[in-house]
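>>> only geometry, no sequence info:
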């Protein structure tokens with residue numbers, strides 16, 4: 001399936017992470033790794049200022065992650081009928097509850 005799906009961007013995560021503050025990078029990488037751990041249907045769309053995680057074939061996004069100076073903003077879409085949930089996470093903050101919210105959003109995409 002690799003190579004079939006293209007968002008027309010071609011920007012890599014390695015390029016993108018150069019703009020993330022060093023103190024925020026471990027948090028951002030942790031969220032990114034968690035999103036990929038949800039299954040092999042997770043696609044990453046690296047955009048100019050954020051990374052969006054989608055479920056393959058449906059192309060529905062479930063997490064939009066943007067680095068800030070002191071943390072990360074995550075926009076979570078549980079369904080098209082519910083408003084987007086916006087969560088601000090500071091470096092050093094416990095994120096297990098947020099991971100569960102992301103997982104529920106991913107699993108809710110059919």
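Yep, that arrived. Quick caveat: nothing in here was measured; it's all calculated off a predicted structure.
>>> Tell me how far residue 69 lies from residue 50.
The spacing between residue 69 and residue 50, counted by Cβ to Cβ, to the nearest Å, is 15 Å. In this view, the C-beta of every residue, glycine as well, is placed from N, C-alpha and C.
>>> These two: which is more packed in?
residue 50 (16 against 8; other Cβ atoms under 10 Å).
>>> and residue 64, helix, strand or coil?
Going by DSSP: H, G, I helix; E, B strand; the rest coil, the secondary structure assigned to residue 64 is strand.
>>> number of nearby residues for it?
Around residue 64 there are 19 residues (other Cβ under 10 Å).
>>> In contact with it, which residues are there?
By Cβ atoms under 8 Å, 6 or more residues apart in numbering, the contact set of residue 64 is 50, 51, 52, 53, 74, 75, 76, 77.
>>> Can you convert the residues you listed into TSV and add a column each for pLDDT?
Below are the contacts of residue 64 laid out as TSV (pLDDT from 0 to 100):
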residue	pLDDT
50	96
51	97
52	95
53	96
74	98
75	97
76	96
77	92
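>>> Let's see which of those residues end up in strands.
51, 52, 53, 74, 75, 76 (DSSP state E).
>>> correct me, but the last one touches residue 62?
Yes. In this structure residue 76 lies within contact range of residue 62 using Cβ atoms under 8 Å: 6.7 Å.
>>> of those two, who's got more company?
Shown here are residue 76 and residue 62; by other Cβ under 10 Å, residue 62 has more neighbours (26 against 21).
>>> Name the member of the ones in strands among the contacts of residue 64 with the most neighbours.
residue 53 (24 neighbours).
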